[in-house]
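Chemist: Next come a sequence and a model predicted from it.
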Amino acid sequence: MPIDLRSDTVTLPTPAMRKAMAEAEVGDDVYGEDPTVNRLEEESARLTGKEAGLFVASGTMGNLASLLAHATRGQEVILGDEAHIFHYEAGSASALGGLVYHTVPTRPDGTLPLEAIEGAIRPVGADYYHNASAGVICLENTHNRCGGTILRPDYCAAVAVIASRHGLPIHMDGARIFNASVALGRPVTDWTRHVTSMQFCLSKGLAAPAGSLIVGDASFVDRARRVRKMLGGGMRQVGVLAATGLVALREMVDRLAEDHANAKILAEGLAGMPGVSIDPAAVETNIVIFRLPDADRAAAFRASATREGVLLSVVGGGRLRAVTHYGITAGDCRAALDAMRRAAQG
Ligand SMILES: *Cc1c(COP(=O)(O)O)cnc(C)c1O
């Protein structure tokens with residue numbers, strides 16, 4: 001069996017999840033009658049300090065439904081040039097919603113410079129009818145392409161000041177918000193209080209087989225529910241999946257600390273390898289991004305790691321990614337380092 005460090009999406013459902021699926025009480029969720037989905041949505045709202053929650057098929061659907069609930073055709077989504085929404089969601093908000101992506105530079109820690117956010121908000125009014133208007137600001141936490149870095153609550157508060165000055169909503173792509181919460185030992189509400197809406201994934205480190213939640217105020221969630229229907233995301237007796245989400249939220253959050261400790265083991269081991277650049281101090285959660293001198297050598301490193309039984313993913317620009325998750329032990333990480341050391345030698 002290879003040691004699969006491509007992503008935390010490869011996690012398999014736990015025995016408790018399998019049992020919960022078999023026993024889930026279900027109904028037709030499009031009629032609002034699936035008690036397990038309703039429970040998951042209520043529990044998610046409570047946990048994040050928001051009025052309401054909505055269960056969606058994926059993180060991509062959660063982000064898309066949120067953006068389309070916040071903004072209308074021709075409006076801009078202000079987001080970082082390293083954002084998952086910009087890189088990996090098939091241009092969905094533009095293709096399906098007529099929104100315009102307005103990117104600003106991303107710092108290595110995943111933050112966007114405040115002045116760049118403010119500068120991206122174009123003036124509106126009679127003199128500016130030729131401008132596209134800003135519709136929503138997006139933040140990502142933890143930041144995937146920046147190596148699982150954590151946006152600090154203080155930073156989010158500063159973005160919220162700008163957003164409120166311009167009357168704009170903030171959507172947080174919080175695919176891995178629980179990693180941030182566990183790593184800093186702070187409740188998720190320390191972040192959600194500063195944003196209008198958030199999407200988080202059940203199917204990454206929390207190990208559920210599928211699904212994400214959107215949270216926000218009740219009128220936002222009503223609009224997002226309508227968009228979800230448009231996207232074909234209205235599901236029926238989907239309590240069998242929601243049941244795994246409840247297990248994820250109740251049993252799988254605290255153990256993320258193990259993934260963070262294992263990521264440190266990987267980062268420290270990689271730091272000593274020839275040709276590999278990485279700053280282990282910058283690894284805050286479960287994503288380890290390291291650099292080889294160029295894209296060809298990164299591809300060669302990845303191919304030899306694969307032959308040695310370690311699966312990695314490509315970030316681009318000579319960077320490779322290893323992600324720790326449920327099912328990967330500290331011993332696996334040490335074995336992976338041995339294999340990668342052999343790979344580094346060619
Ligand atoms: C995984 C991920 C998503 C969306 O994931 P799906 O694969 O659509 O479930 C969104 N944002 C970030 C930062 C992610 O890592």
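Modeler: Happy to help now that I have it. Numbers count the residues shown, from 1 in each chain.

Chemist: Let me know how buried Cys146 is, in neighbour terms.
Modeler: For Cys146, the neighbour count with other CB atoms under 10 Å is 24. All C-beta spots, glycine's among them, are computed from the backbone N, C-alpha and C.

Chemist: That one is in contact with Glu82, isn't it?
Modeler: Yes - at 6.1 Å, Cys146 and Glu82 qualify as touching, with contact defined as CB atoms under 8 Å.

Chemist: Common neighbours of the two, please.
Modeler: Thr106, Gly110 (CB atoms under 8 Å, 6 or more residues apart in numbering).

Chemist: Show me what the longest strand seen in the chain is packed against.
Modeler: Using DSSP state E, we find that the single longest strand of the chain is strand 134-140. With contacts taken as 3 or more CB pairs under 8 Å, 6 or more residues apart in numbering; DSSP states H and E, strand 134-140 sits against helix 59-70, strand 76-80, helix 84-87, helix 153-165, strand 170-173.

Chemist: Quickly run through the sheet partners of it, with directions.
Modeler: Strand pairing for strand 134-140, determined by DSSP bridges: strand 76-80 (parallel), strand 170-173 (parallel).

Chemist: can you tell which of those is closest to the ligand?
Modeler: The ligand lies closest, by CB to the nearest ligand atom, to one member of these: strand 170-173, at 4.6 Å.

Chemist: Buried residues, that closest one. List them.
Modeler: Ile170, His171, Met172, Asp173 (16 or more other CB atoms under 10 Å).

Chemist: before we move on, what about stretch 192-199?
Modeler: Thr192, His194, Val195, Thr196, Ser197, Met198, Gln199.

Chemist: could I have that stretch exported to CSV, CA atoms only?
Modeler: These are the backbone C-alpha positions of stretch 192-199, laid out as CSV (Å, rounded to 0.1, in the frame of the first residue of the first chain):
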residue,chain,number,x,y,z
THR,A,192,-16.7,33.5,11.6
ARG,A,193,-17.7,36.6,13.6
HIS,A,194,-15.7,38.6,11.0
VAL,A,195,-17.2,37.1,7.9
THR,A,196,-20.7,37.1,6.3
SER,A,197,-20.6,33.5,5.2
MET,A,198,-18.3,30.5,5.3
GLN,A,199,-18.0,27.2,3.6
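
Chemist: what about that stretch, average pLDDT?
Modeler: What stretch 192-199 shows for mean pLDDT is 98.

Chemist: which residue does the stretch 151-300 of the chain bring closest to the ligand?
Modeler: For the stretch 151-300 of the chain, CB to the nearest ligand atom, closest residue to the ligand: Ala175, 3.4 Å.

Chemist: ok, how many other residues are close to that residue?
Modeler: 27.

Chemist: so who does the nearest residue to it once chain neighbours are set aside touch?
Modeler: The shortest distance from Ala175 to any non-neighbouring residue, by CB to CB, 6 or more residues apart in numbering, is to Cys201 (4.4 Å). Each residue near Cys201 by CB under 8 Å, 6+ apart is listed here: Ser58, Gly59, Gly62, Ala175, Arg176, Gly211, Ser212.

Chemist: ok, now with 7 Å
Modeler: Counting by CB atoms under 7 Å, 6 or more residues apart in numbering, Cys201 makes contact with Gly59, Ala175, Ser212.

Chemist: Make TSV out of the strands paired with strand 134-140 and add distance to the ligand and mean pLDDT.
Modeler: Output for the strands paired with strand 134-140, formatted as TSV (distance: least, CB to the nearest ligand atom, whole Å; pLDDT from 0 to 100):
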stretch	distance to the ligand	mean pLDDT
strand 76-80	11	98
strand 170-173	5	98
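
Chemist: re the thing from before, dump the buried residues of stretch 192-199 to CSV, plus secondary structure and distance to the ligand.
Modeler: What follows is those, written out as CSV (DSSP: H, G, I helix; E, B strand; the rest coil; distance: CB to the nearest ligand atom, whole Å):
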residue, secondary structure, distance to the ligand
Thr192, helix, 16
His194, coil, 18
Val195, coil, 14
Thr196, coil, 17
Ser197, strand, 14
Met198, strand, 11
Gln199, strand, 7
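
Chemist: Greatest separation within those: which pair is it?
Modeler: Greatest spatial distance among these (CB to CB): His194 and Gln199, at 15.2 Å.

Chemist: where does the closest residue in space to Asp8 that isn't next to it in sequence land in three-state SS?
Modeler: Of all residues not flanking Asp8 in the chain, His325 sits nearest, at 3.7 Å (CB to CB, 6+ apart). Per DSSP: H, G, I helix; E, B strand; the rest coil, the local secondary structure of His325 is coil.

Chemist: Correct me if wrong: His325 contacts Leu206.
Modeler: No - contact criterion CB atoms under 7 Å: His325 and Leu206 do not qualify, at 9.6 Å.

Chemist: Good, we can wrap up now.
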